[in-house]
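> quick check, what structure comes out for this input:
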Amino acid sequence: MANNHDEDTEWNDILRAKGIIPKKEEITEADIVDMIDDAIAQRDAKHYEQKTVDELDELLDEDNEENERMLMEYRQQRLDSIKQQMSEDKFGEIQHIYKTDFVREVSDASKDVWVVAYLYKEYLPICKLMGAHLATVAARNKSTKFVKIIGDQCIPNYPDRNMPTLLIYGDGDVKGQLVGATQLGGLNMKPEDIEAYLRRVGAIKVPESRASKSEETKKSSIRSSAVAALSDDDEYESDDY
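Prediction:
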């Protein structure tokens with residue numbers, strides 16, 4: 001059986017002393033201090049990320065210069081994030097349009113944002129269901145524009161059997177179309193079924209997936225322990241109040 005040079009055995013210690021195998025890399029006290037400092041920075045970063053802009057303003061008067069610099073950075077990031085979110089979340093409802101509006105509200109508008117055009121007939125039960133679900137989807141995905149138009153007003157002689165129909169526009173062109181609701185489960189469809197379809201086309205954003213955990217090394221173990229210790233300290237301090 002091959003000898004594992006990384007194991008802490010008496011035989012390996014002898015071999016290292018004689019220079020037969022390389023000495024095992026040691027983690028110095030300075031390394032541990034650096035890792036703890038890094039853990040503190042990570043802990044503080046996470047703490048600040050959970051604060052509102054007003055709370056960050058209050059903390060600016062309480063912390064030292066280094067923390068003030070960090071707070072200013074996070075405050076600016078938060079403000080930038082809010083501005084970006086406000087610029088993106090400008091829809092949230094289904095806008096009713098007419099045929100004369102279609103080019104402006106759908107084709108032209110889709111050069112800047114994704115547009116979902118819903119063709120329907122009001123008296124059809126399946127259209128009533130999809131209309132209700134689309135209202136939910138629109139409210140959840142405010143950066144995507146949703147419009148609705150009566151089917152045969154949009155396309156002359158468009159048959160009722162083809163409704164509901166979804167036309168998805170992006171970059172000024174049709175990127176997807178869904179005729180009927182069979183693919184979504186028919187009368188059993190849910191808002192999530194519509195969202196899943198729109199994600200596949202690209203019309204709404206895909207939720208960020210959680211990164212998978214990688215195998216921990218010895219250094220990351222120490223770093224994790226430091227974070228845990230800091231968290232315990234925080235809980236202890238909070239219990240004192």
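
> domains of the protein?
For the chain, the structural domains run 29-88, 94-201, going by automatic domain parsing.

> so which of these is nearest W11?
Closest approach to W11 among the domains of the chain is made by domain 29-88 (26.5 Å; C-beta to C-beta). No exception for glycine: its C-beta is placed from N, CA and C like everyone else's.

> rounded mean pLDDT for the closest one, please.
Averaging pLDDT along domain 29-88 gives 66.

> quick one on the thing from earlier: tabulate the domains of the chain (JSON lines), appending mean neighbour count and distance to L15.
Listed next are the domains of the chain as JSON lines, based on neighbours: other C-beta atoms under 10 Å; distance: least, C-beta to C-beta, whole Å:
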{"stretch": "domain 29-88", "mean neighbour count": "13", "distance to L15": "24"}
{"stretch": "domain 94-201", "mean neighbour count": "17", "distance to L15": "57"}
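
> turn these into TSV, columns for distance to W11.
Below are the domains of the chain laid out as TSV (distance: least, C-beta to C-beta, whole Å):
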stretch	distance to W11
domain 29-88	26
domain 94-201	57
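
> assumed R200 was part of a strand.
No - applying DSSP: H, G, I helix; E, B strand; the rest coil, one finds R200 to be helix, outside a strand.

> over to K145: give its phi and psi.
Backbone torsions for K145, taken as degrees, to the nearest 10, come to phi -90, psi 130.

> surely it meets W114?
Yes - with contact defined as C-beta atoms under 8 Å, K145 reaches W114; the gap is 6.8 Å.

> contacts for stretch 125-138?
Stretch 125-138 is contacted from outside by 91-94, 116, 118, 120-122, 144, 146, 148, 163-164, 181, 184, 186-187, 189-191, 194-195, 198, 204, using C-beta atoms under 8 Å, 6 or more residues apart in numbering.

> quick one: average confidence on stretch 95-114?
95.

> same thing with stretch 178-192?
Stretch 178-192 comes out at a mean pLDDT of 96.

> extract the CA atoms of that stretch and return them as PDB.
Only the C-alpha atoms of stretch 178-192 are listed here, as PDB (Å, rounded to 0.1, in the frame of the first residue of the first chain):
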ATOM      1  CA  LEU A 178     -47.800  29.600 -27.100                       C
ATOM      2  CA  VAL A 179     -51.100  28.700 -28.700                       C
ATOM      3  CA  GLY A 180     -53.600  27.400 -26.200                       C
ATOM      4  CA  ALA A 181     -52.900  26.400 -22.600                       C
ATOM      5  CA  THR A 182     -52.500  22.600 -23.000                       C
ATOM      6  CA  GLN A 183     -48.700  22.800 -22.500                       C
ATOM      7  CA  LEU A 184     -49.300  24.600 -19.200                       C
ATOM      8  CA  GLY A 185     -51.800  22.100 -17.800                       C
ATOM      9  CA  GLY A 186     -55.000  23.600 -19.200                       C
ATOM     10  CA  LEU A 187     -57.600  24.400 -16.500                       C
ATOM     11  CA  ASN A 188     -55.100  23.000 -13.900                       C
ATOM     12  CA  MET A 189     -52.400  25.500 -14.700                       C
ATOM     13  CA  LYS A 190     -50.800  27.700 -12.100                       C
ATOM     14  CA  PRO A 191     -48.900  31.000 -12.200                       C
ATOM     15  CA  GLU A 192     -45.700  29.000 -11.700                       C
END
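
> thank you kindly, that will do.
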